[in-house]
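K.L.:
kindly generate the corresponding structure for this input.
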Amino acid sequence: MSGVRRHVFPWIAALFAAAAALAGSVRAGDPPPASAEAASASADAATPPPAPTPPVPPAVGEALPASLTLRALPPAGTAPAEAAVEVPWAELAGDPAIPVVLVFWSSRCPVSARYGATLARLADEFAGRARFVLVASGADETPDAVRRAVEPLRLRAPVYLDTERLAARRLGIRVTPTAFVVDTARALRYRGPLDDDRRMRPREARELVRPALAALLADKPVETPEVRAFGCALR
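P.N.:
As a prediction, this is how the structure comes out:
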């Protein structure tokens, strides 16, 4: 028995030693484990960047952003390459000595069409004392469609385009028509509809833009500075 042990045990010992050596060589050939920092960096690279934070629209009493721009409505027959003339807010606001009424509107919106005559009447009433600016906002607005809708109104107001809705998003506008009444310091004093006749009810509508503008011209506070607008959702 002792002879068997002398012959077998060395053989078993040698076998275990060979197995241990083989395992060590495999581990040595493996790549080193990634560090925690490398794993975190890899996870960060795979994570998409966060979506940009939408701009906060100005509150009543705050100035409209100076970076605001709109595209001028080109004359009929203008080539598309010549049509994209960007106009900065300071230029489209005009004379700094008078307030501005900025109306976001759509040639394809029946509610906007319903207020066309009201808008023209207000622009006539306050001519020389306030500047009215009409903004056709929406991805489906085209210069030809806007001209066809505006020309019958004989509106005393320049017309601009916001087909990419950049200005509408910057100002927090979701429906047309929406009016902004802006004072001579270019701060927002009224935001909302032209009047409160949401459903064309058989009663006299309460005007909203007109008294807001009259209050500014009389150097008085606006009684109702903000009303939720109604109309067609911007698309």
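
K.L.:
going forward, measure contacts and count neighbours with C-alpha atoms only.
P.N.:
OK.

K.L.:
what's the helix or strand for the most centrally placed residue in the chain?
P.N.:
With distances taken as Cα atoms, centre = their mean, Arg169 lies nearest the centre of the chain, 2.2 Å away. For Arg169, the enclosing helix or strand under DSSP states H and E is helix 166-171.

K.L.:
how far is the next helix-or-strand element following that helix from where the chain is centred?
P.N.:
Moving toward the C-terminus from helix 166-171, the next helix or strand (DSSP H and E) is strand 175-176. Taking Cα atoms, centre = their mean, to the nearest Å, one finds strand 175-176 lying 13 Å from the centre of the chain it belongs to.

K.L.:
now the element after strand 175-176, going C-ward?
P.N.:
As assigned by DSSP H and E, the chain's next helix or strand after strand 175-176 is strand 178-182.

K.L.:
in the helix or strand hosting Arg148, which residues are buried?
P.N.:
Here Arg148 sits within helix 143-150, counting by DSSP H and E. Residues Pro143, Val146, Arg147, Val150 are the ones in helix 143-150 that count as buried (16 or more other Cα atoms under 10 Å).

K.L.:
that helix - what's its average pLDDT?
P.N.:
If you average the pLDDT over helix 143-150, you get 93.

K.L.:
can you show me the strands along the chain?
P.N.:
69-72, 86-88, 100-105, 131-137, 159-162, 175-176, 178-182, 188-192, 232-233 (DSSP state E).

K.L.:
tell me the strands beside the second one, with direction?
P.N.:
Applying DSSP bridges, strand 86-88 is found paired with strand 69-72 (antiparallel).

K.L.:
related to what we said a few turns ago, just how off-centre is the helix holding Arg148 within its chain?
P.N.:
24 Å.

K.L.:
give me the mean pLDDT for the helix holding Arg169.
P.N.:
Mean predicted confidence for helix 166-171 is 95.

K.L.:
below-threshold pLDDT in the chain: ranges please.
P.N.:
Applying pLDDT under 70 to the chain flags the ranges 1-52, 79-84, 201-203.
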